[in-house]
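# I'll drop the sequence and a predicted model, then ask my questions.
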Amino acid sequence: MNDVRKPLVSLILLTYDRADFVEEALESVVAQTYPEIEIIVSDDGSTDPTMVQLLDRLEERGLLVLRNPHGGMPSSVHHGMAAARGVYAMILGDDDLIDPPYITEAVDVMESNPQAGFVYCRATLFGSVNGPWGLPDFDIGGILLNNQIFTTHLFRREDWRTTGGYDLSMVTGREDHDFVLKLLGIGRRPVRLEGTYFHYRQHERNSLNASAARTRETLVANHARIFRNNIDLYQDHAEEFWREIFGLIDEATDLRHRYAPLERLRTGHPRLVGAAKRLLGLARGVADARPGRRRPR
């Protein structure tokens, strides 16, 4: 009989005033097929009474609940990791879900492949947008420019200590991208599972990263911080990085040339463009009025 105990995995569930999502996320963790998981709920200073009551109930159920002062996502993760005891760790947002085989398959890869530094999977979007999350395949040039690996991957807790984890100053986002680059910087390599086990919820209260990405100066500041934090990695892969940038420049140049005539028409003949739009609207109205055509309500 094989009674060798599996390595412990610390699952850090991050939450902040979103009581309507937390229990569903927790159910997806409890449903994991992996037998050795410690769940740590790291709350970033919630004040909503419903949320506070939910945290009380979770404590009554025996879960470890950390009630941290409000300090942003990096701080909340650091509090969770400070309490973690696992060989491996995974971070999950309170609005996202993971499927039952995820942690089992991820641990199997880590245990059998010493070069694997972090394991992730394929993913979908759900909520206000539904479908596959078309993240590009990992390549070093691409990930130096844009993150290709979502937050909810399995990594070694020892590597968290070695790299220092999330940059506590990056309270406006991109801290997960920075951490992935830090792992690459110490020689770790990503492995992607073929299963689609992570589900990223889309809604009006989406992540801080999404809102920060809409502010150009914040985006510039965050990427500058990432660059400085991982300067050795950028130097080691400077050719791949610049190859990626020049590839994007080529794409932009091609699009500019392809659509230049349309742009000249739009700016040089605004009345003609307006008339075309009105004709298009009239054509749609005629089509909707045809017998048997159901009008949208």
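Thanks, I have the structure now.
# is Tyr197 in a helix, a strand, or coil?
Of the three states, Tyr197 takes strand under DSSP: H, G, I helix; E, B strand; the rest coil.
# so how far is Gly141 from it?
As judged by CB to CB, to the nearest Å, Tyr197 and Gly141 stand 27 Å apart. C-betas here are computed from N, CA, C, even on glycine.
# same deal with Arg243?
For Arg243, the distance to Gly141 - CB to CB - is 6 Å.
# the more surrounded of the two?
Gly141 (16 against 13; other CB atoms under 10 Å).
# what's near enough to touch the more buried one?
His237, Glu240, Phe241, Arg243, Glu244 (CB atoms under 8 Å, 6 or more residues apart in numbering).
# now do 6 Å
If you count contacts by CB atoms under 6 Å, 6 or more residues apart in numbering, Gly141 has them with Glu240, Phe241, Arg243, Glu244.
# then Gly45?
Neighbour list for Gly45: Pro69, His70 [criterion: CB under 6 Å, 6+ apart].
# how near is it to Gly72?
Going from Gly45 to Gly72 by CB to CB gives 10 Å.
# where do the strands sit along the stretch 1-150 of the chain?
Here the stretch 1-150 of the chain has its strands, by DSSP state E, counting those that start in this stretch, at 9-15, 37-43, 64-67, 88-93, 97-98, 116-127, 131-132.
# neighbours around Ala82, how many?
Here the count is done by other CB under 10 Å, and Ala82 has 11 residues near it.
# so it versus His257, what's the distance?
54 Å.
# report the central residue of the chain.
Central residue of the chain (CA atoms, centre = their mean): Phe150, 3.7 Å from the mean position.
# quick one: low-confidence parts of this protein?
For the chain, the stretches with pLDDT under 70 are 1-3, 205-214, 260, 262-266, 268-297.
# quick one, domains of it?
Structural domains assigned to the chain are 9-236, 241-288, following automatic domain parsing.
# end to end on the longest one, go ahead and measure it.
Meaning domain 9-236. Start-to-end span of domain 9-236 (CA to CA, to the nearest Å) is 32 Å.
# show me how far stretch 89-109 is from its chain's centre.
Averaged C-alpha coordinates place stretch 89-109 at 13 Å from its chain's average position (CA atoms, centre = their mean, to the nearest Å).
# ok, residues contacting it?
Identification of contacts with stretch 89-109 by CB under 6 Å, 6+ apart yields 9-15, 18, 21-22, 25, 28, 31-34, 77, 116, 119, 151-152, 154, 157, 191, 193, 197-201.
# any buried residues in it, and which?
89-99, 101-103, 105-107 (16 or more other CB atoms under 10 Å).
# could I get the strands of the stretch 1-150 of the chain in TSV, plus columns for distance to Thr162?
Converted to TSV, the strands of the stretch 1-150 of the chain look like this (distance: least, CB to CB, whole Å):
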stretch	distance to Thr162
strand 9-15	16
strand 37-43	20
strand 64-67	23
strand 88-93	13
strand 97-98	25
strand 116-127	11
strand 131-132	34
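# of all these, which one is nearest Asp167?
Among the strands of the stretch 1-150 of the chain, the nearest to Asp167 by CB to CB is strand 88-93 (14.5 Å).
# strand partners of that closest one, parallel vs antiparallel please.
Strands that pair with strand 88-93, judged by DSSP bridges, come out as strand 9-15 (parallel), strand 154-156 (antiparallel).
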